[in-house]
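>>> Sequence plus the predicted model coming up.
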Amino acid sequence: MDDALEPRLIEISLSLFGTSSIQSYQPPDLLVREGGNPDGIWLVLEGQVELFRTIDNADVIFHSESAGRMIGLMALSEKHPTFFSCRARTPVKALFITNSQILQGMAESVDFSTTLMSVMVRSMARRNRRSAQLLVKVRTLNQRLSRQRDDLEAALESLKQAQDQLIQSEKMATLGNLAAGMAHELNNPVAAIQRATEFIHQDLTKILSGSPNLDVAAATLPVALNRSPLGTREEREAKSNLTTLLDGDRNLASRLFAAGIRSPADLQSLLSIHPTLGKDEQLRQIEHGGQLGASLRTLENCSHRIADLVRSLKLHARDSTESTDGVDLNQTIEDALVILSNKLTGIEVIKHYAPLPTITARPSQLQQVWINLLVNAAQALNGTGTIEITTRLRPDAWIEADIIDNGPGIPEKIQDRLFEHRFTTRNNRVEFGLGLGLPISRMIVTNHSGLLSFQSSPGHTRFRVEIPSQPLSPPNP
């Protein structure tokens, strides 16, 4: 064992070489200096030494040695400059044995030779074991540092996201305050527009009805004002029937349809009001009276839309859940199409409206959903393509509304992020008013106890809104 072997080496060495080579050291005296070329080894007789290296002007201690240990063995065996410095940690006595003495002792004493070799082998083994332990410790520390680095990077990323969210929340809070202020300021002018629209309607009705020569226009105005939306197929059929009645004049048939005339029966009824005017004058009055009615309808829709948005801001500020009975979902889509008519230029809109029961809902919010979905579809089509709108009533009394476009589709890699707040792929950056449409739409549909989903592939993207036609029963407690 080392406890017996090393004292035996000291005993043999002292008997061979005497005590004249024993040297004393006091802390922090150096026995060996890093990078030196010793010509022998030290046997520590008493006390304790420590081995260290100087790195970046700081001493890094690697391990300590006590009595019985040899110093300088590695440098001697490899004939290299010393790797460590060695200094006294406590008062130390050490026997210095020169290279020539080592050779002499090995030649004269088999006991010295075998004992020295045993001590050297065991010393090498200890140092190898320490190296292995150190390597394990270094790898463990590296793994720990790697995990800590990853944790730190994750923490920094979370901090950055939190900072971005804080900044965005502050912007949204500021925007909310501005919106609330704008809602307050818009109240009066919007109310004035609505009153003016009502007055224009009343005055036009009085003016037209008060003139016998304008009674055809007077009868046409409410027809256009109260027209109901038609599906694409019904629209084509109505225009075709009107064209037949007008001797193939498609242009006039399209203008009359835009003026609210939906069937030959409606047209014949209006033409019979004042037959002495002549057909051309009657058709002129029908067209212009219908245009007045259509314009009034658009003006009323837009003014009510602004009023609904202002009211929604106020209701949102009060956390209100006020809804309206008797809402026609088809009509909310049609009103959204009217508002977006300028954004749908060049795009064919195909409508398949099924007869639907009226529902209890917030119509302005539903319009916002259709506007968001239609704007997204129009942007995907970039001015060319088809948007198909279909509504249906399911057997389970739920209403489905699909908005489908034949654009390039949504890349699969970003579909999972589509409903994230402030996420947008437009111009590869977030812009004001972008990145919020779909999250807001989902929130509105959810608040109506409904679902908003999508499916997308190249050439076909469908967003589906599902809303119960009757209020859902509250869950059992």
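Structure's in. What do you need?
>>> Residues contacting the helix or strand harbouring Val369, please?
Applying DSSP states H and E as the criterion places Val369 in helix 363-381. Taking contacts as C-beta atoms under 8 Å, 6 or more residues apart in numbering, the residues outside helix 363-381 that touch it are 305, 308-309, 311-312, 324, 327, 329, 332-333, 335-337, 339-340, 343-344, 347, 387, 403, 405-408, 426, 437-438, 440-441, 444-445, 447-448, 452, 461, 463, 465. For every residue, glycine as well, the C-beta is placed using N, CA and C.
>>> centre of the chain versus it, how much separation?
21 Å (C-alpha atoms, centre = their mean, to the nearest Å).
>>> what's the next secondary structure element after that helix?
Heading C-terminal from helix 363-381 (DSSP H and E), you reach strand 385-393.
>>> what angle sits between the helix or strand following that next one and helix 363-381?
Toward the C-terminal end, the helix or strand that comes next after strand 385-393 (DSSP H and E) is strand 398-405. In terms of direction (axes from the mean of the first three to the mean of the last three C-alpha atoms, to 10 degrees), strand 398-405 departs from helix 363-381 by 30 degrees.
>>> okay, the angle between strand 398-405 and strand 385-393?
Computed by the same axes, to 10 degrees, the angle between strand 398-405 and strand 385-393 is 170 degrees.
>>> Pairing partners for strand 398-405, with directions?
Pairing partners of strand 398-405, with direction, according to DSSP bridges: strand 385-393 (antiparallel), strand 460-468 (antiparallel).
>>> pLDDT averaged over it, what's the number?
If you average the pLDDT over strand 398-405, you get 95.
>>> Tell me who's in contact with the closest residue to Phe84 other than its chain neighbours.
Distance criterion C-beta to C-beta, 6 or more residues apart in numbering; nearest residue to Phe84, sequence neighbours excluded, is Leu51 at 4.1 Å. Counting by C-beta under 8 Å, 6+ apart, Leu51 touches Ile61, Phe62, His63, Ser64, Glu65, Ile71, Phe84, Ser85, Cys86.
>>> Apply 10 Å and report the result again.
With contacts taken as C-beta atoms under 10 Å, 6 or more residues apart in numbering, Leu51 has the following neighbours: 31-32, 34, 61-65, 71, 82-87.
>>> about what we covered before: so of the contacts of helix 363-381, which ones are in strands?
Thr324, Val327, Ile347, Ile387, Ile403, Asp405, Leu452, Thr461, Phe463, Val465 (DSSP state E).
>>> Where is pLDDT lowest across those residues?
Thr324 (78).
>>> That residue and Ile371, how far apart?
18 Å (C-beta to C-beta, to the nearest Å).
>>> Counting by contacts, list what the helix or strand containing Asn128 packs against.
Taking DSSP H and E as the criterion, the element that holds Asn128 is helix 110-209. If you count contacts as 3 or more C-beta pairs under 10 Å, 6 or more residues apart in numbering; DSSP states H and E, helix 110-209 packs onto helix 2-17, strand 40-46, strand 58-66, strand 70-71, helix 73-78, helix 99-108, helix 215-225, helix 279-317.
>>> ok now the last one, how far from the chain's centre?
Distance, stretch centre to chain centre, for helix 279-317: 39 Å (C-alpha atoms, centre = their mean).
>>> I'd like the numbering to begin with 693 instead of 1 from here.
Yes, from this point I'll number from 693; that puts the last item at helix 971-1009.
>>> Check which helices and strands it sits against.
With 3+ C-beta pairs under 10 Å, 6+ apart as the test, helix 971-1009 has helix 802-901, helix 907-917, helix 942-950, helix 956-963, helix 1021-1031, helix 1055-1073 packed against it.
>>> Report the angle between the helix holding Asn820 and strand 750-758.
Computed by the same axes, to 10 degrees, the angle between helix 802-901 and strand 750-758 is 140 degrees.
>>> how far does stretch 771-784 sit from the chain's center?
On C-alpha atoms, centre = their mean, the centre of stretch 771-784 falls 60 Å from that of its chain.
>>> returning to what we had before: is it possible to mark the buried ones in the contacts of helix 1055-1073?
997, 1000-1001, 1003-1004, 1019, 1021, 1024-1025, 1027-1029, 1031-1032, 1036, 1039, 1079, 1095, 1097-1099, 1129-1130, 1133, 1136-1137, 1140, 1144, 1153, 1155, 1157 (16 or more other C-beta atoms under 10 Å).
>>> re earlier: the helix holding Asn820 to helix 971-1009, inter-axis angle?
Taking the same axes, to 10 degrees, one finds that helix 802-901 is oriented at 140 degrees with respect to helix 971-1009.
>>> Can you add mean pLDDT and distance to Arg1109 and give the helices and strands packed on helix 802-901 back as a markdown table?
Compiled in a markdown table, these are given as follows (pLDDT from 0 to 100; distance: least, C-beta to C-beta, whole Å):
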| stretch | mean pLDDT | distance to Arg1109 |
| --- | --- | --- |
| helix 694-709 | 80 | 65 |
| strand 732-738 | 87 | 68 |
| strand 750-758 | 83 | 49 |
| strand 762-763 | 80 | 65 |
| helix 765-770 | 70 | 60 |
| helix 791-800 | 86 | 74 |
| helix 907-917 | 76 | 44 |
| helix 971-1009 | 72 | 26 |
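>>> Please identify which of the ones you listed is closest to Trp1090.
helix 971-1009 (24.5 Å; C-beta to C-beta).
>>> Run the angle between the closest one and helix 1021-1031 for me.
100 degrees.
>>> from memory Cys778 sits against Val736, does it?
Yes: between Cys778 and Val736 there is a contact at 9.5 Å, judged by C-beta atoms under 10 Å.
>>> how about low-confidence regions in the stretch 743-892 of the chain?
By pLDDT under 70, the weakly predicted segments of the stretch 743-892 of the chain are 760, 769-770, 857-872, 875.
>>> swap the cut-off to 90 and go again
Scanning the stretch 743-892 of the chain for pLDDT under 90 picks out 743, 745-777, 787-830, 842-843, 845-892.
>>> re the thing from before, quick check: which element contains the residue nearest to Phe776?
When secondary structure is defined by DSSP H and E, Leu743 falls within strand 740-747.
>>> and this structure, what are its domains?
Annotated domains of the chain cover 694-800, 1015-1169 [automatic domain parsing].
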